[in-house]
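[1] Compute the structure for the input listed below.
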Amino acid sequence: MTEHGIAVVIPCYKCRSQILDVLARVGKEVRRIYVIDDCCPEGTGKLVQDRVNDPRVRVLFNAQNLGVGGAVMRGYRAALEEKENAIIVKIDGDGQMDPALLSRFAAPLRRGLADYTKGNRFYNPDQIYCMPKIRIFGNVVLSFLSKFSTGYWQTFDFTNGYTAIAREVLRRLDMDKIDKRYFFESDMLFRLNIIRAVVTDIPMSARYGDEKSNLNIAQCVGRFFFKHCVNTAKRIFYNYFLRDLSLASLELLLGLLLSIWGCLFGGFTWINALANNATTPAGTAILAGTMIIVGLQLLLGFFAYDMANVPSHPLHVLYADEAQTDQDTDQHSQPQA
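    Residues are numbered from 1 along each chain as shown. Predicted structure coming up:
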């Protein structure tokens, strides 16, 4: 990554009372700020236009509400239009994310250690108690599901929206397919895993003021559960059957086959014996139990392999080299005066 210009994307919806303070605290290390008014009923974008004179600020208006994911994608596309934006950081406009941490999130990308960084509010146990209890519970449940669907087993706090991504990696994501609503953070990580991008957690503190979250965790858990199941199936199929076949692929197939067949065989035999008022033969019980135990062992072996198969080689370094090579080739191919 030859240039390290930082752009900041700030989706705005019902954050009129916090946005000016957020913009005032964005440091000089940032070259461009994109404020996306996601059809905000409070007119947050118009307020920024009228009150902010910072030449770095660009205000984009969505004609209709696209959801937080859709607003972020709009900002991402705008950031990609300027080649000087090598790192794109996303923060919210409600003041929960401290802009002073921007350099901390960008540092691993600058050093070639990661392709994508995200915040983690669970590093410091003392800070966790600042979070509302319902958020802690919902975050833990959703983070556990996200580990399966994204494949980033070393990551936590998946709903944290403080993120940074390398330009060359963002260009290779199909943003039209990324979820437009509150599931977009997890869906983004799922798609990053598909292209084998390296993700790193950044410790941060939880900040809560008088802002109100638009996310109802109780209503989202069921919907998110279904989407996580779909992404889990897609990720496993892509990584272990479509792109590659390995011992882990065999472990998964045999583990599922033995576990399911053991449960069906044992359950049917037990129900049949119960209906006939007979005793289940010991050999039958042992056979069913053995199939279930062996199946579970194979599944554990698969997940152990999957946990060790987390991407570890940053992609944007390679992509940057390719982009530089293409640029040099274009320059040499031009006719000389």
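
[2] so what's V89 up against?
    When contacts are counted by CB atoms under 8 Å, 6 or more residues apart in numbering, V89 touches 6-9, 30, 102, 105-106, 162-164. For the C-beta atoms, the positions are set from N, CA and C on the backbone; glycine is no exception.

[3] In helices, which of these fall?
    Here DSSP state H is the test, and the contacts of V89 give 102, 105-106 as lying in helices.

[4] Out of the residues you listed, the closest to D21 would be?
    Here the nearest of these to D21, counting by CB to CB, is L102; it sits at 15.2 Å.

[5] ok, how many other residues are close to the closest one?
    Using other CB atoms under 10 Å, L102 is surrounded by 22 other residues.

[6] so it touches I10, yeah?
    No: using CB atoms under 8 Å as the test, L102 is too far from I10 to be in contact (11.5 Å).

[7] what touches both of these two?
    Residues within reach of L102 and of I10 at once, by CB under 8 Å, 6+ apart, are I91.

[8] Out of the ones in helices among the contacts of V89, which is nearest to V230?
    F105 (29.1 Å).

[9] tally of neighbours for the closest residue to that closest one other than its chain neighbours?
    Leaving aside its sequence neighbours, F105 sits nearest to A164 (CB to CB, 6 or more residues apart in numbering; 4.1 Å). Applying other CB under 10 Å, we find 30 residues neighbouring A164.

[10] Report the contact partners of A164.
    Contact analysis of A164 by CB under 8 Å, 6+ apart lists 87-90, 102, 105-106, 109, 116-118.

[11] which of those residues are the two that sit furthest away from each other?
    So, the contacts of A164 by CB to CB: farthest apart are L102 and Y116, at 14.9 Å.

[12] returning to that earlier point: got a winner among the contacts of V89 for most neighbours?
    The most crowded member of the contacts of V89 is A164, carrying 30 neighbours; neighbours defined as other CB under 10 Å.

[13] what sits opposite that residue in the beta ladder?
    Residues in a beta bridge with A164, per DSSP bridges, are V89, T117.

[14] so where's the stretch 151-300 of the chain shaky on pLDDT?
    Along the stretch 151-300 of the chain, segments meeting pLDDT under 70 span 206-219.

[15] ranges for the strands of it?
    Using DSSP state E, counting those that start in this stretch, the strands of the stretch 151-300 of the chain run over 163-166, 199-203.

[16] Report the central residue of the protein.
    By CA atoms, centre = their mean, the chain has its centre lying nearest to L189, at 3.0 Å.

[17] Now do the contacts for that one.
    116, 118, 146, 150, 152, 155, 158, 199.

[18] that older thread, kindly reformat the contacts of V89 as CSV containing distance to V317.
    Shown next, in CSV, are the contacts of V89 (distance: CB to CB, whole Å):
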residue, distance to V317
I6, 18
A7, 19
V8, 23
V9, 23
V30, 23
L102, 21
F105, 18
A106, 15
Y162, 23
T163, 19
A164, 15
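
[19] so, if you compare those residues, which one comes nearest to L299?
    L299 has its nearest neighbour among those in T163, at 31.8 Å by CB to CB.

[20] Look up how far K118 lies from that closest one.
    From T163 over to K118 the distance is 5 Å, taken as CB to CB, to the nearest Å.

[21] Overlap of the contact sets of those two?
    E185.

[22] what about stretch 60-74, how long is it end to end?
    End-to-end distance for stretch 60-74: 8 Å, by CA to CA, to the nearest Å.

[23] Kindly report the same for stretch 80-95.
    End-to-end distance for stretch 80-95: 25 Å, by CA to CA.

[24] again, but for stretch 237-250
    One end of stretch 237-250 sits 12 Å from the other (CA to CA).

[25] Break down this protein into its helices, ranges please.
    Assigned by DSSP H, the chain shows helices spanning 16-24, 44-51, 67-80, 102-110, 125-128, 133-150, 167-170, 184-194, 217-237, 247-275, 282-308, 315-333.

[26] and those helices as a markdown table, adding distance to D37?
    Converted to a markdown table, those look like this (distance: least, CB to CB, whole Å):
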| stretch | distance to D37 |
| --- | --- |
| helix 16-24 | 10 |
| helix 44-51 | 3 |
| helix 67-80 | 8 |
| helix 102-110 | 21 |
| helix 125-128 | 31 |
| helix 133-150 | 26 |
| helix 167-170 | 22 |
| helix 184-194 | 18 |
| helix 217-237 | 24 |
| helix 247-275 | 46 |
| helix 282-308 | 41 |
| helix 315-333 | 30 |
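
[27] still on that earlier bit, from the strands of the stretch 151-300 of the chain, which stretch is densest packed?
    Stretch with highest mean neighbour count among the strands of the stretch 151-300 of the chain: strand 163-166 (a mean of 27; mean count of other CB atoms under 10 Å).

[28] then it to PDB, C-alphas only?
    C-alpha atoms of strand 163-166 as PDB (Å, rounded to 0.1, in the frame of the first residue of the first chain):
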ATOM      1  CA  THR A 163     -14.400  -0.800  11.100                       C
ATOM      2  CA  ALA A 164     -11.600  -0.100   8.600                       C
ATOM      3  CA  ILE A 165     -10.900  -1.800   5.300                       C
ATOM      4  CA  ALA A 166      -8.200  -1.600   2.700                       C
END
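
[29] Brilliant, that's me finished.
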